[in-house]
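*Asks:* sequence and predicted structure below; questions after.
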Amino acid sequence: MSKSVDQIFVIAKQWLLSWLTGAPDWIVQIASSLLNIFTLLAVFLTLFALMSVLERKILGRIQNRYGPNRVGPFGLLQPVADGIKMLIKEDIVPERADKLVHFLAPILIAAAAILALGVIPYGRNMTPFTIDGGILFFFAIGSTTELAVFMAGWGSNNKFSMLGAMRAIAQMISYELPLIITVLPVVMVVGSLTPDRIVAAQAGYTFNIVPRWFVFTPWGAAAFILFFVSGLVESNRTPFDVPEGESEIVAGHMTEYSGFKYATFFMAEYIGMFAITGLAATLFLGGWHSPVQALEFIPSYIWFFAKLSALLFVYIWLRGTLPRTRIDQIMNFAWKFMLPMSFTCVIAAAVWHYAGRGLRGWLWSLVVVASAYTILSMLLDTHRKFAPRVYRFAE
Amino acid sequence: MNSTAFALIAILTLAAALAAATLQKLMHATLSFAVALVGVAAFFFLLGAEFVGLVLIFVYIGAVAVLIVFTILLTRREVGKDRGVNWGGAVLAIAVFGGLMWAVLKSQSVSIVAPHIRALTVKRIGETLMTGYVWPLQCVGLLLTSALIGALVLVMEEKR
């Protein structure tokens, strides 16, 4: 019974495809791909709508106010109202803008974000597109976002847009390094770039209690935190949202976009966030595996989306808690701390592997990560004391 | 079906390459150059060499195209100055094309039936790189690291 509930979407897809028996192979293939794409879009656009209202609700809670509560029960129909508003807004294109580039940028950015969703395993046998180098595909597609952001900034022919795009590209390139290097230990340990194999390698439980997720090893925990922070930067979220710092440069590369194009940027940002948290769950949190053996009867996709929602909640929580960092702080952090630490993760994973992947390896890799962290924090210590701010020019 | 895909990708790639060579605005040329590179990556996908195609997108769209874009932005440009057709470049391009055509048509291997090869999986590429070609790989790594350090030294602020 629980088996068929677990596989209900796979069975439904096979049932739909069984209508096509007798059709040529390529028609079945295209129909199968289209089914996957429609399901992905339906699920993640709904999640986007939900996320946009939930984010405002949770931020409201953190800031001691109500948040949207007028449209529908608990304000849940707010995204519908927002969607209609965005659709019927006038689409303004600046007179001196590069019309074609200005038009193509939101399309490219949304396409890249949605494509990246295609390789993540959402449940047992539920990877939309199984690619041999799935992880590489994810990052290859992700790297095209930079060009799209640049197109948006340059095509708008606006100083604020250009500045925002430059900031975005600078921090995205800097954090792409730790983002990819922290994936390396996982790929090394599993010996595969296929997301399904990575999830399969995290099956089972140590002593029948602790799941064998990579986050429960010292190198995995460190890599997970580094990956999460880099993911925050890649999706331009607070505290790393200088590219669209509204108090300085209006909205960065999105300044000259209005109406539905702006909504497309907004959507791409959220979908990119889902993709990166989904990958974090796949790489370090055991993908669709259940955390407790006794709860394995709960379908795999529910576990995956539970992990995804937990990570997304942390994203919102951070946004409600932390102020915006300066661009030089972001860069210093990337090159002086994140990069050496992510190399340490690679070394710690190798130590863990060669010390036998048991308790001994666990302790040795903990020693490696902890000593690297201590040395780095000693080297980077500025000896600055924190005190109330003294205003020199204003009362 | 494969030949149709081949024709479509070839038309896209060639059109983008032509646009990259002829467009007036430098930025448009760069973007169409990126499209041409996507076309080349698509060829690799068509041939079943996913890894090469993905690396091509990763390196050329994610890094080289962005680098070109930055270079264009950071160099001074003379707006509205049209130098006309670059005849030297055209002659050079035709010479390279002719030389390549001559070499390709003259070679024997075109007429031979391709031998059956094992599927090119990422795992196989990794194993080959880490066993048979580990020294070249290390040398390239060393070269790139020294280039990175050199770039750092170039931009480092001089201590007074």
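*Replies:* Good, I have the coordinates.
*Asks:* quick check: closest non-adjacent residue to A:G123.
*Replies:* In space, A:G123 comes closest to A:Y301 once its chain neighbours are excluded; the distance is 3.5 Å by CB to CB, 6 or more residues apart in numbering or on different chains. Bear in mind the C-beta positions are built from the backbone N, C-alpha and C, glycine included.
*Asks:* that neighbour: how many residues sit nearby?
*Replies:* 19 (other CB atoms under 10 Å in any protein chain shown).
*Asks:* flag every buried residue along the helix or strand harbouring A:F274.
*Replies:* In this structure, A:F274 is located in helix A:259-284 according to DSSP states H and E. Buried residues in helix A:259-284, defined by neighbour count with 16 or more other CB atoms under 10 Å in any protein chain shown: A:260-284.
*Asks:* helices along chain B, start to end?
*Replies:* Here chain B has its helices, by DSSP state H, at B:2-22, B:26-46, B:50-56, B:65-74, B:87-106, B:122-131, B:134-155.
*Asks:* so what's the closest residue to chain A within chain B up against?
*Replies:* Among the residues of chain B, B:G62 lies closest to chain A, at 2.6 Å counting by CB to the nearest CB. Going by CB atoms under 8 Å, 6 or more residues apart in numbering or on different chains, B:G62 touches A:140, A:142-144, A:146-147, A:176.
*Asks:* can you do 7 Å?
*Replies:* By CB atoms under 7 Å, 6 or more residues apart in numbering or on different chains, the contact set of B:G62 is A:140, A:143-144, A:146.
*Asks:* from those, pick the one nearest A:L16.
*Replies:* Using CB to CB, A:A140 is the member of the contacts of B:G62 that sits closest to A:L16, with 30.6 Å.
*Asks:* which element is that closest one on?
*Replies:* In the assignment (DSSP H and E), A:A140 maps to helix A:134-155.
*Asks:* following the chain past that helix, name the next helix or strand.
*Replies:* Tracing the chain past helix A:134-155, the next element assigned as helix or strand by DSSP H and E is helix A:159-181.
*Asks:* so how far is that following helix from its chain's centroid?
*Replies:* The gap between where helix A:159-181 is centred and where its chain is centred comes out at 16 Å by CA atoms, centre = their mean, to the nearest Å.
*Asks:* stretch A:316-330 now?
*Replies:* In terms of CA atoms, centre = their mean, the centre of stretch A:316-330 is set 16 Å apart from its chain centre.
*Asks:* could you pull out the buried residues of that stretch?
*Replies:* For stretch A:316-330, the neighbour count (16+ other CB under 10 Å) marks A:316, A:318-319, A:324-325, A:327, A:330 as buried.
*Asks:* contacts with chain B among those, please.
*Replies:* Among those, no residue lies close to chain B (CB under 7 Å from any CB of the partner chain).
*Asks:* widest-spaced pair of these?
*Replies:* Farthest pair in the buried residues of stretch A:316-330 (CB to CB) is A:I316 and A:I327. Separation: 23.4 Å.
*Asks:* and residue 73, how many neighbours?
*Replies:* Using chain A here. Neighbourhood size, A:P73 [other CB under 10 Å]: 7.
*Asks:* could you do chain B instead?
*Replies:* Using other CB under 10 Å: B:L73 sits among 15 other residues.
*Asks:* returning to what we had before: just the buried residues of stretch A:316-330 now: which is nearest A:R167?
*Replies:* For those, the nearest to A:R167 is A:I327 (6.1 Å; CB to CB).
*Asks:* host element of the closest residue to A:A263 other than its chain neighbours?
*Replies:* Counting by CB to CB, 6+ apart, A:A263 lies nearest to A:M86, which is 4.0 Å off, once chain neighbours are set aside. Taking DSSP H and E as the definition, A:M86 sits inside helix A:78-88.
*Asks:* could you pull up the mean pLDDT of the helix holding A:A140?
*Replies:* Taken as a whole, helix A:134-155 has a mean pLDDT of 87.
*Asks:* who's in contact with the spatially closest residue to B:F43 that is not a sequence neighbour?
*Replies:* With sequence-adjacent residues excluded and distances taken as CB to CB, 6+ apart, B:F43 is closest to B:I9, at 6.0 Å. Listed by CB under 7 Å, 6+ apart, the contact set of B:I9 reads B:39, B:42-43, B:46.
*Asks:* gap between B:I9 and A:P121?
*Replies:* 29 Å (CB to CB, to the nearest Å).
*Asks:* A:L108 now?
*Replies:* 26 Å.
*Asks:* same drill for the two, tell me which one is more crowded.
*Replies:* Set A:L108 next to A:P121 and count neighbours by other CB under 10 Å: A:P121 wins out with 26 against 19.
*Asks:* the helix or strand encompassing A:A350 - what's its average pLDDT?
*Replies:* With secondary structure defined by DSSP H and E, A:A350 is part of helix A:339-354. Averaged across helix A:339-354, pLDDT comes to 90.
*Asks:* list the buried ones in the helix or strand following it?
*Replies:* The first helix or strand that comes after helix A:339-354 along the chain, using DSSP H and E, is helix A:359-379. Of the residues in helix A:359-379, A:361-362, A:364-366, A:368-369, A:372 count as buried by neighbour count, 16+ other CB under 10 Å.
*Asks:* relative to helix A:339-354, how tilted is helix A:359-379?
*Replies:* Put simply, helix A:359-379 runs at 160 degrees to helix A:339-354, going by axes from the mean of the first three to the mean of the last three CA atoms, to 10 degrees.
*Asks:* domain map for chain B?
*Replies:* Domain assignment of chain B by automatic domain parsing yields the ranges B:1-78, B:121-160.
*Asks:* would you reformat those as TSV and include distance to A:G155?
*Replies:* Below are the domains of chain B laid out as TSV (distance: least, CB to CB, whole Å):
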stretch	distance to A:G155
domain B:1-78	9
domain B:121-160	29
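*Asks:* so which of these is the most surrounded?
*Replies:* Among these, domain B:1-78 has the highest mean neighbour count (mean count of other CB atoms under 10 Å in any protein chain shown), at a mean of 16.
*Asks:* hmm, back to that, format the helices of chain B as TSV; extra columns: distance to A:I8 and mean pLDDT.
*Replies:* As requested, those are exported to TSV (distance: least, CB to CB, whole Å; pLDDT from 0 to 100):
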stretch	distance to A:I8	mean pLDDT
helix B:2-22	35	86
helix B:26-46	32	87
helix B:50-56	31	85
helix B:65-74	43	83
helix B:87-106	54	88
helix B:122-131	32	82
helix B:134-155	46	90
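*Asks:* Provide a list of residues in contact with A:G272.
*Replies:* Neighbouring residues of A:G272 by CB under 7 Å, 6+ apart: A:113, A:235.
*Asks:* how far away is it from B:I11?
*Replies:* For A:G272, the distance to B:I11 - CB to CB - is 31 Å.
*Asks:* and for A:P185?
*Replies:* According to CB to CB, A:P185 stands 43 Å off from B:I11.
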